[in-house]
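# below is the sequence, then the predicted model.
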Amino acid sequence: MKNEKRFDLLYEGKAKKVYKYSDRKLLVEFKNDVTAFNGIKKGQYANKGKINKKISTFFFELLNEEGLNTHYLQDYDENSFIAKWGELIPLEVIVRNYTAGSFCKRYGVEKGIKFDYPLVEFSLKNDDLGDPMITKDAILLLKICNKEILEEIVGISNKVNNILSSFLDNKNILLVDYKLEFGISKTDKKVILIDEISPDTCRFWDKNTMESLDKDVYREDKGDLINAYEALIGRLAI
Ligand code: TMP
Ligand code: ASP
């Protein structure tokens, strides 16, 4: 990253680092590391950070244009962008349109079954606990956020689904499922969509071949991760 030493590192996750850019802004840097199964499987791929930054930027810009409040502000360098500072709500919001991944394992169903409506699930964001699933009532009773904020989170998650699913459908790609994170903006205390939207955090399937264009390629040893991510970039024409 350019002038790395100018910024204080606030947080380092498995695939990103977050720096303090200013009192109200963060610098989000995408690493080349990849992990799966709560960090049990680990790897590194040259250019992965750059690729995920590019895809995430593209989706955040699309959502911003559609009027959603995301943390993305502007490009910084190859691996990083400047974002609104959102105080993290420690939840992972999973939206599923088709069965896949942990849903299939949990309920013993085959993958690729289309749901009649999007399923919204929640996990507590806590690596030590392995991000356990959590119910809406437990979220409220543990005061992780209040009811209004939770309803807003669900509303935004469904809007993201409508916008991205129809955009990707035009590119012959199915948005199978994805994970979102939210924060409270330091500036105006509004709920904002934070984190990333990338093939690390979504499942994208080619509509005709059902081939994965996402991290399942790495999770399930189905081929080269960079080839899959670059194929996605090609399909998005970005
Ligand atoms: P899952 O089927 O493993 O629960 O994953 C559902 C979606 O959430 C999938 O698109 C991958 C994404 N995801 C993350 O972004 N981070 C995670 O830690 C997990 C478990 C899933
Ligand atoms: N992101 C999680 C991990 O690093 C899980 C996953 O995406 O499969 O372990």
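Happy to help now that I have it. Numbering: from 1, shown residues only. Ligands and ions are numbered 1, 2, ... in the order given.

# thought residue 43 was touching residue 34?
Yes: judged on CB atoms under 8 Å, residue 43 makes contact with residue 34 at a distance of 4.9 Å. Quick note: C-beta positions are derived from backbone N, CA and C, even for glycine.

# those two: which has the busier surroundings?
Using other CB atoms under 10 Å, the more surrounded residue of residue 43 and residue 34 is residue 34, with 20 against 12.

# most proximal residue of this structure with respect to ligand 2?
Per CB to the nearest ligand atom, residue 35 is where the chain lies closest to ligand 2, at 3.4 Å.

# how close does that residue get to residue 163?
The gap separating residue 35 from residue 163 is 28 Å, by CB to CB, to the nearest Å.

# ok, back up a step: intersection of neighbour lists for residue 43 and residue 34?
The contact sets of residue 43 and residue 34 overlap at 218, 225 (CB atoms under 8 Å, 6 or more residues apart in numbering).

# low pLDDT regions in the protein?
1-5 (pLDDT under 70).

# how about the residues of it by ligand 2?
For the chain, the residues in contact with ligand 2 (CB under 6 Å from any ligand atom) are 14, 35-39, 215, 219.

# re earlier: verify the stated contact: the residue of the chain closest to ligand 2 with residue 42.
Yes: counting by CB under 8 Å, residue 35 touches residue 42, with 5.1 Å between them.

# so which of those two has more stuff around it?
The neighbour comparison of residue 35 against residue 42 (other CB under 10 Å) goes to residue 35, with 17 against 11.

# so which strand or helix has the more buried one?
Taking DSSP states H and E as the criterion, residue 35 maps to strand 33-36.

# anything in the next helix or strand after that strand near ligand 1?
Moving toward the C-terminus from strand 33-36, the next helix or strand (DSSP H and E) is strand 41-44. No: figure legend: strand 41-44 not in contact with ligand 1 (CB under 6 Å from any ligand atom); closest approach 12.1 Å.

# I'd like the next helix or strand past the longest helix along the chain.
Across the chain, the longest stretch assigned as helix under DSSP state H is helix 147-170. The C-terminal neighbour of helix 147-170 among helices and strands, as given by DSSP H and E, is strand 173-185.

# so what does that following strand touch, helix or strand wise?
Helices and strands touching strand 173-185, by 3 or more CB pairs under 8 Å, 6 or more residues apart in numbering; DSSP states H and E, are strand 86-98, helix 147-170, strand 191-194, strand 202-206.

# appreciated, that's everything.
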